[in-house]
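> Fold the following.
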Amino acid sequence: MSVSLRIAVAGTGRMGEAIEACARSRGHAIIERFNRKNPVTESALGCNPDVVIDFTQPEVVLSHITKYCKTNTAAVIGTTGWDDEIEEVQNLVSSHEASVLYSSNYSLGIQILLQALHALGPLLDELPEFDVAVHELHHTAKLDSPSGTAISLAAQLVETLQRKERWGTPSTPYDPAQLEVVSTRLGHVFGQHRVMIDGPADRIMLEHTAKNRGGFALGAVRAAEWIQGRTGLFTLQDMPAEWLAGSAIK
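Numbering: from 1, shown residues only. From the prediction side, this is the model:
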C-alpha cells in the first residue's frame, strides 16, 4: 500500500463515485470534486492535490491537461476520444516537465491481456496458419466505435505481428495484411473484448469481460499511486511493464 494521497476527482458520475470508493478503501483522501458546476481551473487546483483522476469528456480534456501541466499537478486521464491531440499533449508535458498518465481502459485485466498479446506476437508469426481478429461488444450508449480498448489491442497486435500492417474494420475482399476489428452495440453490455485466433483445426479465444466499474476504478487509483515522483507522459502499460522488468522507469 502506498502512502495516503490527496486526490481530486474530475467527473462526478458513476465512474467518479467508483473511484472515490476505491481510493478511500486504499487509505486516500478525496479533497476536491470537479464537474460542470465546479470546473477545473488553475485557481481551483490551488487545493494542491497529489493527483487528479480525470474521467470527463473529450471536448474538455486538452483544456484540463493544459491546466494540470501549468500548475504542476500530476494527472491520471481516463477520458477517451482525444487521440488526435496526443502530440500537443506530449509537447505540453515536455515543456512543463509535468506528470500525466493516460489510458483507454484502466482495467488491470486488460493490461494482462495486452502483455499476453505482446508475448504471443512472435509465436504467431511462426504460425501463419492462424489468423487473428478483435471483436468488442458494448452497450448502445457508448459513443466511440471501435472502443479505445479495441484499438489498443489491435495496435499491440499490429506492432508485434509482422504479417499485419494495419488494423481496420472488415473489408471486401478480405485483406490478409489488415487486422480486422469488429464492433457491436447491444443493449446494456458493460464491456467485452475478445481476441480470436483461428487455425484450420482449432480456435483460441482470449476474452476480457468487465463485471462492473470497480476494476476500472482500481486501475485508475493504482495509476495515481504509481505516477507519484515521476515526470513525463505515460500510459497504463508502463506500470505492468515496470513490474515485469523489476526495475524503476528512469
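
> Provide a list of residues in contact with E165.
V158, A177, Q178 (Cβ atoms under 8 Å, 6 or more residues apart in numbering). In short, each C-beta sits where N, CA and C put it, glycine included.

> OK, contacts around the second one?
If I follow you right, that is A177. Counting by Cβ under 8 Å, 6+ apart, A177 has contacts R163, K164, E165, R166.

> which one of those has the most neighbours?
Among the contacts of A177, K164 has the most neighbours (other Cβ atoms under 10 Å), with 22 neighbours.

> Leaving out the residues flanking it, which one is nearest to it?
L179 (4.5 Å; Cβ to Cβ, 6 or more residues apart in numbering).

> partner residues bridging the one you found?
For L179, the beta-bridge partners are W167 (DSSP bridges).

> I'd assumed E159 was in contact with it.
No - the criterion here is Cβ atoms under 8 Å, and L179 misses it with E159 at 10.6 Å.

> between those two, which one's more packed in?
L179 (22 against 12).

> mind listing what's buried in the helix or strand bottoming out on mean pLDDT in the chain?
Least confident element among the helices and strands of the chain, by mean pLDDT, DSSP states H and E: helix 238-245 (a mean of 80). Buried residues in helix 238-245, defined by neighbour count with 16 or more other Cβ atoms under 10 Å: D238, M239.

> Packing partners of it?
For helix 238-245, the packing partners by 3 or more Cβ pairs under 8 Å, 6 or more residues apart in numbering; DSSP states H and E come out as helix 108-125, helix 214-226.

> Of those helices, which is nearest L92?
helix 214-226 (18.7 Å; Cβ to Cβ).

> Sheet partners, orientation included, of the helix or strand that the closest one is followed by?
Past helix 214-226, heading to the C-terminal end, the next element that is a helix or strand (DSSP states H and E) is strand 232-235. With DSSP bridges as the test, strand 232-235 is paired with strand 99-102 (parallel).

> And the contacts of the strand it pairs with?
Residues contacting strand 99-102 (Cβ under 8 Å, 6+ apart): 65, 68-69, 74-78, 89, 93, 223, 226-227, 230-236, 238.

> Buried among those residues? Make that a ChimeraX selection.
Buried members of the contacts of strand 99-102, defined by 16+ other Cβ under 10 Å, are picked up in ChimeraX with:
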select :65,68,69,74,75,76,77,78,89,93,223,226,227,232,233,234,235,236,238
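
> so can I have a markdown table of the helices and strands packed on helix 238-245 showing mean pLDDT and distance to P58?
Converted to a markdown table, the helices and strands packed on helix 238-245 look like this (pLDDT from 0 to 100; distance: least, Cβ to Cβ, whole Å):
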| stretch | mean pLDDT | distance to P58 |
| --- | --- | --- |
| helix 108-125 | 92 | 20 |
| helix 214-226 | 95 | 17 |
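
> between those helices, which one is nearest to N48?
That would be helix 214-226 among the helices and strands packed on helix 238-245, by Cβ to Cβ, at 14.8 Å.

> elements contacting the closest one?
helix 14-25, strand 51-54, strand 75-77, helix 108-125, helix 238-245.

> Now with 6 Å, please.
Helices and strands touching helix 214-226, by 3 or more Cβ pairs under 6 Å, 6 or more residues apart in numbering; DSSP states H and E, are helix 14-25, strand 51-54, strand 75-77.
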